[in-house]
Each structure stands twice: as structure tokens, then as C-alpha cells.
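A.B. asks: Model the structure of this input:
(one chain, ligands or ions: 1)
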Amino acid sequence: MRVGIVGGYGKMGQWFCRNLSDCDIAIYGRDSTKTRQCAQKLGVRPMEDIKSLLDYAEMIIVSVPLSETASMLERIKDFVPAGKKICDIASLKSKAVQVLSTYPQHIAVSSVHPLFGPGSPGFNRKKVIIVPVESRKKESDFFCTFFKEQGASVMVSDAVSHDRMMALTLSLPHFLGYLFSSMILHHPSEAIHQFEGTSFKYLFTFSKAVLQEDPLFYFELMQNPQVIPVLDSLIDRAETLKALIATGDRSAFLQCVGELHRKLTEKDLSEAYALFNRLTH
Ligand SMILES: NC(=O)c1ccc[n+]([C@@H]2O[C@H](COP(=O)([O-])OP(=O)(O)OC[C@H]3O[C@@H](n4cnc5c(N)ncnc54)[C@H](OP(=O)(O)O)[C@@H]3O)[C@@H](O)[C@H]2O)c1
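C.D. replies: Numbers count the residues shown, from 1 in each chain. Next up is the predicted model:
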């Protein structure tokens, strides 16, 4: 399969170059020097212009920043030759799917979200979400098969559910990471180290890991309209919990935690505790 990656010298573009098996890969990037250097380093084909990439590839992967994905898909729409297959890999889906739905019928379209970052060791059992374009679901079959054959664990979702879940599973943990850092980093680090216990160490490690990630990427991710309702709910729940503590209402507090406890099995809880201890010792 000839695969062409738009944004090919970016983090995910390079990851695909290294990890796609049984493919002849070409990359295009807006800086031709970087494109050539990266292609040489990774042993893939550099393309001087986007049109050459679209002509060469049977399957096109758009791997530009989240905020640029919809406009890139729009920009290349009229240049994608008939019979090609095209997907983006943006971390949010609503805008990309909307543009893909306007592509001519003679091009197979789908949106794809690898649920892992460029540090992943490979496709093996990593989750890839396929988001079909409404009314063109059949065209996603190719992408499902392609990523399954690469070794990924593939699941299908619609764009709205996908973006709602990303607000919970990606944006919320990162928001909490920033929040925790913003609370803690005002204190002298020496005092923190002297007094830190296991749970603190665990949360602080996560928060520091969040800080080393690209803040622009997470800012873009939090522009998902589904994020604000999640944060509103977070603040409401924090207020409720705070009120239980402030009023010293022991039975309400125990009832609240008991309800959370009942949503999990004993196995969930004991496995989490064992994992927590392994990670922190
Ligand atoms: N990073 C992750 O953990 C992750 C995980 C899953 C999915 N994704 C998705 O993967 C996509 C790429 O993310 P990334 O982390 O690889 O970002 P990245 O490292 O910033 O790479 C994006 C690439 O796109 C290029 N680019 C930017 N604007 C462009 C334009 N107008 N025309 C052509 N090329 C352009 C950039 O080139 P310059 O360097 O010259 O600006 C860069 O090479 C995003 O949609 C993101 O949501 C990311």
C-alpha cells in the first residue's frame, strides 16, 4: 500500500513512518528542507509539493495540528484524485468529519483517532478509533481492516460520542494535572519533598508528566465544546464535596463515598490498589 502523510515530519507523522508495516510511505511537509531531512532519516519518500503526494499515495493520512486539520482537508479536497482513500488522525472529530462529508463520492473517506501518542512502542493492541462519516459508513471498512492488519485494536464511534468521551478521558485528566501543579508549585519544593506521601507523589508525578507535554496541543484539545460542561460538573461536584466536609456531615460524606464504591467491583478496587502500590514503590 502506498501511504502519503501530510504533515509527515511532525511527531505523529514520524511515528507512522516508523511503525506502518508493509507500506511504501511518502511524506509532505510545508518546509521542504525538513521534509527531505526527515525522509532521509526514516527511509521514506519526500514529496516537494502536496499534489505529488496526493497523486502518489493510495491512502492519504492528514497529520497536521488539531486546529489545522479541517482547513487542510478543505484545502486539498479538489486535488485528491478519484479512487483514493483519505483520513485525518485529529484528536477531535466533529470538524474533520464535517469536512470529509463534503468530499466527492469517488474518494473513500473516514476519520481515525489513534488513542496513543508518539511515544508508543508500536501498533500492537493499541486502540484506534474509526469515526465513519454519517451516510458513508461503508467507506470506513477499508480503514478498519487496514489498522487491524497493522495490529491495532480497532473500535468504531460516531463523532459526537467520540468528542464527548475525549472531554472526559483526555481533557479532564490533563485539566486536573494542570490544576494540581498550579496548587502545589507555589510551595517550596524542598518542603514538599520532605512531607510528601505516596498518594501525593503519585498525583504529582502525573501532573509533572502533563507539564512536559505540548501545552498548545492540550489547549486545542480543550477547545472541544464538550469540555466546558465537564468542567462545570467538576466544579459542582467539588462544591458538594467541600460542603460535606465544611459542615462536618459525616454520614452524608460516607454515603457519597459509599455510592462511588458501589459503582466498582471488589476486584476493580483491589487491582487498583495493587497497581498504585507497584507504581509508587
Ligand atoms: N501527539 C499526540 O499525542 C497525538 C495522538 C493522537 C492523535 N494526534 C493528532 O495527530 C495530529 C498531529 O499531531 P502531532 O502531535 O504530530 O503534531 P505536530 O508534531 O505539531 O505535527 C504537525 C505537523 O503538521 C505540520 N503543519 C502544521 N500546519 C501545517 C500546514 N498548514 N500545512 C502543512 N503542514 C502543516 C507541522 O509542520 P511545522 O513543524 O513546519 O509547523 C508539523 O510537521 C493532530 O491532529 C493531533 O490531534 C496527536
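A.B. asks: count of neighbours near the closest residue to E196 other than its chain neighbours?
C.D. replies: Nearest residue to E196 in three dimensions, chain neighbours excluded: F204, at 7.1 Å (C-beta to C-beta, 6 or more residues apart in numbering). Heads up, the C-betas are built off the backbone N, CA and C, glycines and all. Close neighbours of F204, defined as other C-beta atoms under 10 Å, add up to 18.
A.B. asks: Just give the closest residue to the residue of the chain found nearest the ligand, not the sequence neighbours.
C.D. replies: Closest approach between the chain and the ligand, counting by C-beta to the nearest ligand atom: G10, at 2.0 Å. Nearest non-adjacent residue to G10, counting by C-beta to C-beta, 6+ apart: S63, 5.9 Å away.
A.B. asks: Next: A252.
C.D. replies: Using C-beta to C-beta, 6+ apart and skipping residues adjacent in sequence, the residue nearest A252 is L244, 5.1 Å away.
A.B. asks: in the host helix or strand of the one you found, what's buried?
C.D. replies: In the assignment (DSSP states H and E), L244 maps to helix 227-246. Of the residues in helix 227-246, 227, 230, 244 count as buried by neighbour count, 16 or more other C-beta atoms under 10 Å.
A.B. asks: The last one contacts C256, doesn't it?
C.D. replies: Yes: at 6.3 Å, L244 counts as touching C256 under the criterion of C-beta atoms under 8 Å.
A.B. asks: Need the residues that contact the lengthiest strand in the chain.
C.D. replies: Longest strand of the chain, by residue count under DSSP state E: strand 108-114. Applying C-beta atoms under 8 Å, 6 or more residues apart in numbering, the contact partners of strand 108-114 are 12, 61, 84-91, 93, 96-97, 100-101, 103, 120, 126-133, 136, 139-140, 142-143, 147, 152, 159, 162.
A.B. asks: Likewise for stretch 232-250?
C.D. replies: 172, 175, 252-253, 256.
A.B. asks: quick one: the strands in the chain?
C.D. replies: Assigned by DSSP E, the chain shows strands spanning 2-6, 24-28, 45-46, 59-62, 85-88, 108-114, 127-131, 153-156.
A.B. asks: Could you save those strands as CSV and add columns showing mean pLDDT?
C.D. replies: CSV is the format used below for the strands of the chain (pLDDT from 0 to 100):
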stretch, mean pLDDT
strand 2-6, 98
strand 24-28, 98
strand 45-46, 98
strand 59-62, 98
strand 85-88, 98
strand 108-114, 98
strand 127-131, 98
strand 153-156, 98
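A.B. asks: Format those as a markdown table; extra columns: mean neighbour count.
C.D. replies: Shown next, in a markdown table, are these (neighbours: other C-beta atoms under 10 Å):
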| stretch | mean neighbour count |
| --- | --- |
| strand 2-6 | 25 |
| strand 24-28 | 23 |
| strand 45-46 | 20 |
| strand 59-62 | 24 |
| strand 85-88 | 25 |
| strand 108-114 | 24 |
| strand 127-131 | 21 |
| strand 153-156 | 15 |
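A.B. asks: As TSV, these with distance to S52 would be great.
C.D. replies: What follows is the strands of the chain, written out as TSV (distance: least, C-beta to C-beta, whole Å):
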stretch	distance to S52
strand 2-6	9
strand 24-28	8
strand 45-46	10
strand 59-62	12
strand 85-88	16
strand 108-114	21
strand 127-131	27
strand 153-156	30
